[in-house]
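> have a look; sequence and predicted model below, questions after that.
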Amino acid sequence: MMNQKYEGWFIQLLSIGSLLASIVQALLALFVGFGTIATLIIGNNPNFPLIAKLAVRAHSAFTESLVTILIVIGVLIFRTIIIFALYKLLRQFHANDIFNDRNLSYIRWCSYSFGGLVIFDGMLALIWKFLHFEAAVSYGQSLFVEILAWFTVYVIYIIFKRGLALKKENEDFV
């Protein structure tokens with residue numbers, strides 16, 4: 001009984017932490033997105049917005065930075081989805097509702113988001129390698145760990161899918 005209390009408390013703590021991290025990631029993505037939009041519309045001079053500058057010279061450092069910022073926003077969005085799905089999973093685990101279709105869906109979203117995160121982080125690594133343009137979120141140094149995490153989440157997805165099938169088969173048998 002003592003062990004279940006400790007596990008429930010720890011899962012609750014992790015759940016609250018993942019919710020707070022998800023909110024911070026979402027706010028960061030919104031902040032970067034709105035900052036990018038404001039920079040595009042207003043620019044450094046209200047009479048000459050940066051959108052007009054982009055039309056004049058397509059190959060500029062600003063174009064490279066805009067693409068990098070969009071990729072960074074994608075990385076932040078994928079991280080937010082992963083953390084929020086983890087929060088939802090922990091809430092289900094805390095309620096002792098483990099093998100169900102909802103949890104399988106949350107794990108699937110984690111897997112898809114890790115795939116997108118690996119792709120976008122790989123693009124940031126390429127930008128850093130060839131253009132030496134700093135993205136300030138990642139330089140691809142964690143790409144190997146992200147790929148391992150992606151495969152791990154996929155294996156967990158397969159295990160949950162098989163466990164859910166066994167649970168349904170067991171319920172149908174009785």
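Done, it's in. Residues are numbered from 1 along each chain as shown.
> helices of the chain, start to end?
2-42, 50-56, 61-94, 101-131, 143-173 (DSSP state H).
> and the closest residue to Asp101 other than its chain neighbours, what is it in contact with?
Once flanking residues are discounted, Asp101 sits nearest to Leu164: 7.0 Å by CB to CB, 6 or more residues apart in numbering. All C-beta spots, glycine's among them, are computed from the backbone N, C-alpha and C. Residues near Leu164 by CB atoms under 8 Å, 6 or more residues apart in numbering: Phe99, Asn100, Asp101, Leu104.
> now Leu164: how far from Ile11?
Distance check for Leu164 against Ile11: by CB to CB, to the nearest Å, it reads 20 Å.
> please apply the same query to Ala26.
Distance, Ala26 to Ile11, by CB to CB: 22 Å.
> swap in Leu19?
13 Å.
> correct me if wrong: Tyr157 contacts Ile107.
Yes: contact criterion CB atoms under 8 Å: Tyr157 and Ile107 qualify, at 4.6 Å.
> the two: which has the busier surroundings?
Taking neighbours as other CB atoms under 10 Å, Tyr157 and Ile107 compare with Ile107 leading, 21 against 18.
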